[in-house]
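> 3D model of this:
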Amino acid sequence: MKKLITWTEIPVEDLHRAKKFYGHVFGLKFIDMRVAEFDYSIIDLDGNTDSAALVKGYGYTPSLEGTTIYLNATPDIDPILKKVVTAGGSIILGKTYLSPEAGYIAFIIDSEGNKIGLQHT
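Numbers count the residues shown, from 1 in each chain. Okay, here's the model as predicted:
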């Protein structure tokens with residue numbers, strides 16, 4: 001097995017608002033598509049679209065509970081955290097040092113109410 005996580009779906013209630021948030025905070029671009037009754041905004045990382053999407057539809061409920069995904073905040077969390085509040089999110093744990101191996105983490109709440117981790121080493 002080369003990697004354990006193959007795909008990540010971030011639940012949203014308002015795709016436009018969520019795309020604006022993630023676009024502002026991380027500079028992301030999206031490719032929109034509808035699959036069955038689900039609306040996807042696939043994250044486009046310079047042509048690489050095989051990692052994650054924002055998803056709206058039945059069974060996709062934003063939450064502070066459950067599994068936490070960590071987004072890459074390399075080379076530094078601070079510039080990302082500065083954009084979170086102006087983009088409609090909040091910071092629940094500021095930049096926190098863990099160890100030389102794990103580096104720094106932070107937790108935010110996105111525009112949809114999801115708890116999202118940030119990490120850089």
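> for the protein, which segments count as strands?
Using DSSP state E, the strands found in the chain span residues 8-11, 29-35, 38-44, 52-56, 70-72, 90-99, 103-109, 115-120.
> okay, those, which one's buried deepest?
strand 52-56 (a mean of 22; mean count of other CB atoms under 10 Å). For the C-beta atoms, the positions are set from N, CA and C on the backbone; glycine is no exception.
> circling back to that earlier point, D78: which of the strands of the chain is closest?
Proximity to D78 (CB to CB) singles out strand 90-99 among those, at 6.3 Å.
> quick one: contacts for G88?
Counting by CB atoms under 8 Å, 6 or more residues apart in numbering, G88 touches R17, K20, F21, S111.
> who are the packing partners of the top helix by length along the chain?
Longest helix of the chain, by residue count under DSSP state H: helix 15-26. Contact partners of helix 15-26 among helices and strands, from 3 or more CB pairs under 8 Å, 6 or more residues apart in numbering; DSSP states H and E: strand 29-35, strand 38-44, strand 52-56, helix 77-84.
> swap in 6 Å and give it another go.
Counting contacts by 3 or more CB pairs under 6 Å, 6 or more residues apart in numbering; DSSP states H and E, helix 15-26 packs against strand 38-44, helix 77-84.
> now for G57, how many residues are close by?
A count of neighbours around G57, defined by other CB atoms under 10 Å, yields 15.
> nearest to L64, of the strands of the chain?
Closest to L64 of these is strand 115-120 (CB to CB; 4.6 Å).
> sorry, back to before: pLDDT averaged over the longest helix of the chain - what is it?
Mean per-residue pLDDT for helix 15-26: 97.
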